[in-house]
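Student: I'll drop the sequence and a predicted model, then ask my questions.
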Amino acid sequence: MTDVGIIGMGTYFPTAIQTAADLVEATGIPEAVLRDKMGIRQRHIAGDDDSVTAMASRASVEAIQSAGITPEQIKLVISHGSEFKDHLVWNAAAKIQANVGAVNAYSFEMYALCAGAPIAMNMAKSMMLGDSSLDTVLLAAGSRENDLINLKNARSRFMFNFGAGGGAMLLQRGATKNLILGASAITDGTLSETVIVTREPEAVVGIADDGIGDLRGRLDVQNGDYMAERLGGSSLGNFQRVITEAVEKSGAKLADVKFLGITHMKRSFYLEILQSVGLTAEQSVYLEDHGHVQSVDQVLAIQLGLAQGKIHPGDLIVLAGAGTGYTWSAVAVRWG
């Protein structure tokens, strides 16, 4: 059977950084709580030239270089990054394709918020196995959704960890390493409208001009009590479900997993998820120096896991995420 594997990766993060101490005045939250409980040691903040497509393109160039291929070999570009991008109602993937010089490709976007990376990997694999012309595919993501967070709005507190950056993977059919295996996802549609951009007074409190280009308003939580109750009762179980299903679809068991790369979240829940699937903090990385960069988190987790010696050849690793909407996703990869 033909396999699909990761042959190149890249990330890009803006140079500007905000630390936990920098966020104290705006949020009214003590530094120790921001750092230790919410897991925000620091986060990167986009500059004027760090558009979503610019950051995704810089990461893509790094991925192309690491793969040792030319842009002309890419047959498809999929953007799975932020819906808050350079322009409204616009195909960001086409701009990324043009930026990297993938002249023989076509391009489109798929959007699953912060659950996007595992779903994009599984979707691209399926397309590549079904179409023999798609031998090399670029997955790219960029996010600066921290722009949409009003730090004075306590209802959006769980999104204060948002940071900016870009990430990319190159997939190849017929690869012999870093093979993409099983995947799983589940959506709870009852939470579909709990996080949206609004112009309600609480969402824009303290902001003189609530417009960002053509966009008006800020991300806000609707029916927060229901959201907290529903997620409190289901999120851990849904993470366990998609991780377990991805592993089982790979013909393996949870005990075989050596590393988990997962979306940034508050530290206590991160540790609870690890424990629930039989892993320890030494078998994962906590993204406290970057914050939550939407569906960039997973490729960043692989890079950090490799740099810290936590991923080894032959390891079964799992990448997992969750995004408002509310979707949980996971994909298994046999590394090396």
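Tutor: Now that the structure is in, tell me what you want to look at.

Student: does the most centrally placed residue in the chain count as helix, strand or coil?
Tutor: Centroid-nearest residue in the chain, with C-alpha atoms, centre = their mean: residue 295, separated by 1.5 Å. Following DSSP: H, G, I helix; E, B strand; the rest coil, residue 295 is assigned to helix.

Student: hang on, it packs against residue 142?
Tutor: No - with contact defined as C-beta atoms under 8 Å, residue 295 and residue 142 do not form a contacting pair (9.5 Å). Bear in mind the C-beta positions are built from the backbone N, C-alpha and C, glycine included.

Student: Name the residues contacting each of these two.
Tutor: Taking C-beta atoms under 8 Å, 6 or more residues apart in numbering as the contact rule, residue 295 and residue 142 both touch 81, 167.

Student: related to what we said a few turns ago, return the distance of the residue nearest to the centre of the chain relative to residue 286.
Tutor: 18 Å (C-beta to C-beta, to the nearest Å).

Student: Not counting its neighbours along the chain, what's nearest the residue nearest to the centre of the chain?
Tutor: Closest residue to residue 295 apart from its sequence neighbours, by C-beta to C-beta, 6 or more residues apart in numbering: residue 116 at 3.6 Å.

Student: is it true that that neighbour lies in a strand?
Tutor: No - under three-state DSSP, residue 116 falls outside any strand and is assigned helix.

Student: tell me the contacts of it?
Tutor: 80, 81, 110, 141, 294, 295, 321, 323, 329.

Student: what sits against residue 311?
Tutor: 258, 259, 302, 305, 317, 335.

Student: which two in those residues are spaced the farthest apart?
Tutor: Maximum pairwise distance among the contacts of residue 311 (C-beta to C-beta): 12.6 Å, between 258 and 302.

Student: Pick out whichever of the two has more residues nearby.
Tutor: Taking neighbours as other C-beta atoms under 10 Å, residue 258 and residue 302 compare with residue 302 leading, 24 against 16.

Student: element containing the residue nearest to residue 253 when sequence neighbours are not counted?
Tutor: Nearest residue to residue 253, sequence neighbours excluded (C-beta to C-beta, 6+ apart): residue 247, at 6.7 Å. Assigned by DSSP states H and E, residue 247 belongs to helix 224-249.

Student: Return the list of helices and strands in contact with that helix.
Tutor: For helix 224-249, the elements it packs on are strand 179-187, strand 257-262, helix 267-276, strand 316-323, strand 327-334, judged by 3 or more C-beta pairs under 8 Å, 6 or more residues apart in numbering; DSSP states H and E.

Student: what about residue 70, neighbour count?
Tutor: 12.

Student: same check, this time on residue 255
Tutor: Residue 255: 9 neighbours (other C-beta under 10 Å).

Student: roughly how far out does stretch 328-336 sit from the chain middle?
Tutor: 13 Å (C-alpha atoms, centre = their mean, to the nearest Å).

Student: the bottom helix or strand of the chain by mean pLDDT?
Tutor: Within the chain, no helix or strand scores below strand 211-212, which has a mean of 86 by mean pLDDT, DSSP states H and E.

Student: residues in contact with stretch 206-214?
Tutor: 87, 88, 147, 148, 150, 152, 199, 203, 204, 216, 217, 218.

Student: So what's the residue count around the fifth one?
Tutor: What it means is residue 150. Applying other C-beta under 10 Å, I find that residue 150 has 22 neighbouring residues.

Student: re earlier: just give me the closest of the contacts of stretch 206-214 to residue 309.
Tutor: residue 147 (35.0 Å).

Student: What about that closest one? Give its phi and psi, please.
Tutor: The main-chain torsion angles of residue 147 are listed as degrees, to the nearest 10 and equal phi -60, psi -30.

Student: That one and residue 307, how far apart?
Tutor: From residue 147 over to residue 307 (counting by C-beta to C-beta), the distance is 28 Å.
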